[in-house]
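Sequence and predicted structure are below.
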Amino acid sequence: MEGINGRRNISGCGLTGFMSEEGRLINGEAIIRSIEVLHDRSNGLGGGFAGYGIYPHKKDFYAFHIMYDDAEAKDASEKIIEERFSISGEEPIPTRKVSTITKAPILWRYFLKPELDECDKDISEDDYVIETVMLINDTIPGAYVFSSGKNMGAFKAVGYPEEIGRFYRLDEYEGYTWIGHGRFPTNTPGWWGGAHPFTILDWAVVHNGEISSYDANRRYVEMYGYKCTMLTDTEVVAYLLDLMLRYHRLPVEIACKVLAPPFWSEIDRLKEERKEEGNVFEALRQIYGSAMLNGPFAIIVGHASGIIGLSDRMKLRPLVAGRKDDMLFIASEEAAIREISPNLDILWHPRAGEPVIGELKRTSIKKQAKVINLKERIVL
Amino acid sequence: MKSYILPEFKIKRDNERCIECQVCVRQCAFEVHKVSQDGSIYSENDKCVACERCVTFCPTKALTIEEYEHYIKDNANWTASVQRNIWKQAETGGVLLTGMGNPKPYPIYWDHLLLNASQVTNPSIDPLREPMELRTYLGSKPESLEVEISGGSVRLKTKVSPQLKLEVPIMFSAMSFGAISYNACEALARAATELGTYCNTGEGGLHEKLYKYADHTIVQVASGRFGVHKKYLEKAAALEIKIGQGAKPGIGGHLPGEKVGEEVSRTRMIPVGSDALSPAPHHDIYSIEDLSQLIYSLKEATEYTKPVSVKIAAVHNVAAISSGIARAGADIIAIDGFRGGTGAAPTVIRDNVGIPVELAIAAVDSRLREEGIRNRVSIVAAGGFRSSADVIKAIALGADAVYIATAALVAMGCHVCQKCYTGKCNWGIATQDPKLSKRLNPDIAAERLYNLVAAWAHEISEMLGGMGINAIESLKGNRLHLRAVGLTKEEMDVLGVKVAGAPLS
Amino acid sequence: MMKRVYAKEEVCIGCRLCEVYCAVEHSLSRDIIRAYKYEQPKPEPRVTVEEKEHISFALQCRHCDEPLCVEACITGAMMKDESGRVIHREEKCIGCWTCVLVCPYGAPRRDLSRGKVVKCDLCQSTGREIPACVEMCPNRALVFEER
Amino acid sequence: MSYVVIGNSVASVGAIEAIRKVDKKTPIVVISDEPYSVYSRPLISEYLSGKVGEEMMNYRDSDFYERNRVTTKFNVKAVSINSRTKRVRLKNEEEIEYKKLLIATGGIPFVPPIEGRDKDGVFTFTKLDDAKRLKARVESFNHLVVIGAGLIGLKVTESLRQRGVPVTVVELSNRVMSTVLDEEAGRIIRSAIEREGVEVITGLTVEEITGKEKVTGVKLTNGNRIKCDAVVIAIGVIPNTSLAKDAGIRVNRGIITDSTMKTNIPHVYAAGDVTEGPDYLSKGNRVFPIWPNAYIQGKIAGYNMAGVKREFTGGIAMNSIELFGVPVLTAGLSNVEDENLEVLKKSEESTYKKNGYT
């Protein structure tokens, strides 16, 4: 990445996201409307979205969204892609002209099927995809894969989020899960790649806050082959989730408890009251100490089978959730929810470190992460 | 032979203040202060070791110790101490002995590393208002956990190997009964227990009276195997195989027979008055696979209930050695830097062998991560930790916890006179003389140790809070919170840190 | 029950600072340098460190429940006050040393310059709550407690 | 009914203080033929010398009797005890019924049948009144002879010397303080006495006190004569047992008591110089005319009178005294020759220490 690109961003941001647990598809205009309310939480230096279920016709292909600084980067990257995948389709990502969105890089998308050769037999397709993403992001200057999951896509840019949504013509997509983000970076003029969400495979993370534990988390996930090319704490969250949920097959609630664990005092108490459960949390902190996110944060994570909202264990950043019928809403502000669903069945403020988990009930997409019924959610 | 050695120190007695109470006379085991026939007190400079016992205990502060002024013609090579050492050897023909850690002005990397703090974008955390967690677990961790959720309850399916729970990531490093007094051992054990951390027996065995602190004691198995028996292994929270020591990498130990009295003899299981010689290598460890055998022998002997640590001196190839140790099955690697202390070592070894622990930890942590085996072992850094700042920086570099020993001794009263090997420690620490060892009241010493570590813990909490972190594990290996000043590019590369002022990435 | 000074032999280091601070506490100036260097008569400690090889401990009046010194004192100078302290009223002392003779602990000391006995008053006369010897012992070898 | 104590010195105080520790209520009556509140008998020589005034003689604070709720019958002699009716009869005809009685009548000076012992100018020296009598006339004496170089004799000698009166001490045995000091110690004291200008004559005694009505001199057993105008007889004290004897109490040299200080008569106890109580060393009974012993016996008697059983473990002779600037401390058998004793002696410039061990 060139120039100021890739610098770790310190930001205070607006977040929103929702899903239909029944898998009903919702027009992308909803997420634009929701994030627009949070205009004041961003400063025009970046924003972005991720939508799930948006490529039903290409749902079995990995959808790569790549931004290129120039044609050279595009050529180099495509060389890698062609070597490693069969390409089912490729095209520019459709955009419309918005006066405030300028200096757009080349934005291209590809629908890919991995072609694993003999020596790649041991690894899964997902790992193969990650490897490719890391390879391009790490080695091709001016190229950046910002979306790589199936039947989903991330869209991000420099600008106010509602403008970015319109720029990417989100009103032309329909998805069962949408997340959105508006940035307020304090130290770097936005670079398109630095905007949220950060993704790997179908994980997309939007985040408000600053992860003080960043380098501990980074060095931890890098042990497992992830490359934090962006040097942003949000990116690391995506990798942590991928590691824990996809590789380690931890239940999603448990993975959330790794990111925002209970305090030792609570664990000690739990060990006295419910020993087995206490042991689980003790072991989680012992083994995944380096995966704990420290510092203020609220995140919304989208993935193929659901949505997760989580705040840090002291709740230094806002997070609110609501329900209406099969819809689960999570946002940094209630207004972002009320804007698109004024008559909620319920609205609540999750406690510090308590995850909000939404899960797709009728999924045809067999995802790796263990699916947990919401009613079984454990609450500390 | 006429000695050419000039005194190092000079005692100044302010006669306006001296009340001739003779406290100095009674306190000096080196017999510096004497009462003359007429009852007045005088001092013999050449015996003074500058331990400051008399200065501290003089009720009127009538005493000061100064450097003995003797003119050495200005010379950058042939300094007074160089000449003194040559005279000593010319007069004795022996190896120069010394105690404590390397005093030479090698770079102290801690002092070239600066910590981060939050400003505006990220709230700092006030440890007085918010929980601040310093708890640390040492031991081998599995790469991942298998957790089962069913019917609203969770269950751990992975068996986690034994872990040492530290309420504060500071332990007391190995100091043997023999090298230090029983009272010092007791104070360390009591303080460790109260602090929720650990003391370490060194290679001196474990006195029966200290069995009650077993849950906070790490017992060492060293090359001499002194005091190692079934009960010894049982009365421990963890076992540590001592391969080397920062103050004297590559050489063994020697506890002179004069220090082997009844209690030391019984504890070490050697005859009274016999020299306790620790061989340089373990005679059953000539390679890494031998180490592995010993590790697993100890695990077998304790039925896999206790973590096994391997302590090595920080030497040039420390990263690769550590990798080998991790793969040999150790749960903890303790790395003792070249500033680590000793009760007795040849001066030339202490002052010239080994590498700084800062570089060693960074190299080891990086190497284990590169190999993807960092989870398998905990890293304990040792050797010359002077303050909470050193501790927190070590953790940011990648250590799980640290061992302190010299700082603990200083807390108990040691004034770093480096005469531990004489057995005449005026502070009652490095001695077996009952008249001297009773000077260390374990109540007071334990309290002082507790206070020191509690103070450091408090400071660590403050610094963590300042960085916006409320659990120590989030700092481990978090080198972005360290910045270098006055270091070369190569040093920064080894340390894995950026220069102060450089942008975040 | 009353608080008494007890010695912990195992940590008494024989420095005799208890003697020094006791003497200062009962001196006129209560300043260590003045007391030792300029006061006449020299202040006398009321505590003595007994020492043999590595065994040492400070000894002062035990403030016995039935003090022999009080029973034997020929003038009534020794008395046990209501708090239980054995108090020596120097103005009634004629220096017969009977208390010195009868005390099983050797606690009363002769102040030869004044021809009077001096003994520990638990620093009552100087208004301390904790006797100076206890408070100033550098190794906590003296404790002041009820037993 | 009361606790009644006959005698008002240290044994009496010991008893009162002990009784009041355990019995705050029952009245206590103290009878004394002297007119004074309890005073320190050993101090009478200091009183004579002028070193202490009369106010300093008080052995206990002035509120002693009041605080201990003691009724005093001073300046009146107890003349008889009726152990059947449990009554003490006083010289003024008053009768006091007792619950328990303590006889603490002390000792009286032993005056041998020397010819002329009734002459004006012959004194004994055991009570304050003795001291007062002597003090009143001491300025008028030119030379004084003290008979006996024991504790009392030497103390009175010292006091007289301090008042500037020339004194000769005559002692029958071959050294001063022969009952407690060995020869070497005796020599040290003797030379201290002589250094003060006192003539010490040993191995002789006074055969006759000469003069018509007033003393003019003494004649020694070797026929020598010494001119003097006063004589102090200070040979020793003997238990003042007459009251007890008349009441049928068993008396040897002193009143014989058991270890609880009880006499052979129920409810009657004895303590102090009048008694012959248990001896720690010989395991027999012995008179110990010394101050601490009297207090302790009084205390033991007091406890037992008040119903708390305490035993006297036996007396040990002990003395501490300063004579002519030399402190002399003795305890136990300080002057015996016994080859079973291991004796350690240490003699330095100004000190002589002797310890015997069995």
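Perfect, I can see it now.

from here on, contacts and neighbour counts on C-alpha atoms
Will do.

got the contact list for the residue of the stretch 351-500 of chain B found nearest chain C?
Nearest to chain C in the stretch 351-500 of chain B, going by C-alpha to the nearest C-alpha, is residue B:435, at a distance of 4.3 Å. Contacts for residue B:435 (C-alpha atoms under 8 Å, 6 or more residues apart in numbering or on different chains) come out as C:13, C:53-55.

Residue A:310 too?
Per C-alpha under 8 Å, 6+ apart, neighbours of residue A:310: A:256, A:260, A:298-300, A:319, A:353-356.

tally of neighbours for the nearest residue to it once chain neighbours are set aside?
Of all residues not flanking residue A:310 in the chain, residue A:355 sits nearest, at 4.7 Å (C-alpha to C-alpha, 6 or more residues apart in numbering or on different chains). Per other C-alpha atoms under 10 Å in any protein chain shown, the neighbour tally for residue A:355 reads 26.

Doesn't residue D:209 belong to a strand?
Yes. Looking at residue D:209 with DSSP: H, G, I helix; E, B strand; the rest coil, it is inside a strand.

can you pull the pLDDT of it?
If you check residue D:209, the pLDDT there is 96.

right, and it touches residue D:120 too?
No. With contact defined as C-alpha atoms under 8 Å, residue D:209 does not reach residue D:120; the gap is 10.4 Å.

Under the pLDDT cut-off, which ranges of chain C? List them.
Judged by pLDDT under 70, chain C has no weakly predicted residues.

Check which helices and strands the longest helix belonging to chain C sits against.
Counting by DSSP state H, the longest helix found in chain C is helix C:17-25. When contacts are defined as 3 or more C-alpha pairs under 8 Å, 6 or more residues apart in numbering or on different chains; DSSP states H and E, helix C:17-25 sits against helix C:32-37, helix C:132-136.

Quick check: bridge partners of the closest residue to residue A:205 other than its chain neighbours?
Distances taken as C-alpha to C-alpha, 6+ apart place residue A:301 nearest to residue A:205, at 4.5 Å, with adjacent residues excluded. Beta-bridge partners recorded for residue A:301 (DSSP bridges): residue A:205, residue A:308.

now the chain, which segments are flagged as low pLDDT?
Using chain A. Applying pLDDT under 70 to chain A picks out residues A:1-12, A:120, A:185-190, A:231, A:362-380.

That was the other one, I meant chain D.
D:349, D:358.

circling back to that earlier point, that's a helix at the residue of the stretch 351-500 of chain B closest to chain C, yeah?
Yes. When classified by three-state DSSP, residue B:435 is found to be part of a helix.

From residue B:479, how far out is it?
Remark: distance between residue B:435 and residue B:479 (C-alpha to C-alpha, to the nearest Å) = 48 Å.

what about stretch C:100-110 and chain D, any contact?
Yes. Taking C-alpha under 8 Å from any C-alpha of the partner chain as the criterion, stretch C:100-110 and chain D are in contact, through residue C:101.

What separates the first and last residues of that stretch, distance-wise?
For stretch C:100-110, the separation between the terminal residues is 8 Å (C-alpha to C-alpha).

Can you mark which positions in that stretch are buried?
Buried residues in stretch C:100-110, defined by neighbour count with 16 or more other C-alpha atoms under 10 Å in any protein chain shown: C:100-103, C:107-110.

quick revisit: correct me if wrong: the residue nearest to residue A:205 contacts residue A:204.
Yes. Counting by C-alpha under 8 Å, residue A:301 touches residue A:204, with 5.6 Å between them.

Show me the contact partners of stretch B:156-171.
A:276-277, A:279-280, A:283, B:134-142, B:145-148, B:192, B:195-199, B:237-238, B:304-307, B:391, B:400-404, B:453, B:457.

Go ahead and list the helix or strand containing residue C:84.
Counting by DSSP states H and E, no helix or strand carries residue C:84.

buried residues in stretch C:46-55?
Within stretch C:46-55, the residues scored as buried using 16+ other C-alpha under 10 Å are C:46-49, C:54-55.

tell me the secondary structure for the closest residue to chain D within the stretch 151-300 of chain A?
Closest residue of the stretch 151-300 of chain A to chain D, C-alpha to the nearest C-alpha: residue A:272 (56.2 Å). Assigned by three-state DSSP, the conformation of residue A:272 is helix.

Count the residues that sit near it.
By other C-alpha under 10 Å, 13 other residues sit near residue A:272.

How about the contacts made by it?
Neighbouring residues of residue A:272 by C-alpha under 8 Å, 6+ apart: residue A:278.

where's it relative to residue A:266, distance?
10 Å.

sorry, back to before: test my guess that the residue nearest to residue A:310 contacts residue A:312.
No. Using C-alpha under 8 Å, residue A:355 makes no contact with residue A:312, being 9.6 Å away.

okay, and the common contacts of these two?
By C-alpha under 8 Å, 6+ apart, no residue touches both residue A:355 and residue A:312.

And the residue of the stretch 101-250 of chain B found nearest chain C, how close does it get to chain A?
At 9.7 Å from chain C, residue B:183 is the closest residue in the stretch 101-250 of chain B, using C-alpha to the nearest C-alpha. Distance, residue B:183 to chain A, by C-alpha to the nearest C-alpha, to the nearest Å: 33 Å.

buried ones in stretch D:171-182?
Neighbour counts over stretch D:171-182 (16+ other C-alpha under 10 Å) mark D:171-173, D:175-178, D:180-182 as buried.

Could you check which residue of the stretch 151-300 of chain A lies nearest chain C?
Counting by C-alpha to the nearest C-alpha, the stretch 151-300 of chain A gets nearest chain C through residue A:265, at 36.1 Å.

Could I get the full set of strands for chain C?
With strands called from DSSP state E, chain C shows them at C:3-7, C:48-52, C:55-59, C:78-80, C:86-88, C:109-111, C:116-118, C:142-146.

Just send these back as a markdown table, with distance to residue B:224 too.
Formatted as a markdown table, the strands of chain C follow (distance: least, C-alpha to C-alpha, whole Å):
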| stretch | distance to residue B:224 |
| --- | --- |
| strand C:3-7 | 40 |
| strand C:48-52 | 37 |
| strand C:55-59 | 34 |
| strand C:78-80 | 62 |
| strand C:86-88 | 58 |
| strand C:109-111 | 55 |
| strand C:116-118 | 58 |
| strand C:142-146 | 41 |
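
Need the ones you listed in TSV (columns: distance to chain B).
Formatted as TSV, the strands of chain C follow (distance: least, C-alpha to the nearest C-alpha, whole Å):
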stretch	distance to chain B
strand C:3-7	13
strand C:48-52	10
strand C:55-59	8
strand C:78-80	29
strand C:86-88	26
strand C:109-111	18
strand C:116-118	19
strand C:142-146	12
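
so which of those strands gets nearest chain A?
Of all those, it is strand C:142-146 that lies closest to chain A, at 37.4 Å by C-alpha to the nearest C-alpha.

wait, does stretch B:489-500 contact chain A?
No. Judged by C-alpha under 8 Å from any C-alpha, stretch B:489-500 stays clear of chain A, getting no closer than 11.0 Å.

Show me which residues of that stretch are buried.
Within stretch B:489-500, the residues that count as buried by 16+ other C-alpha under 10 Å are B:492, B:494-500.
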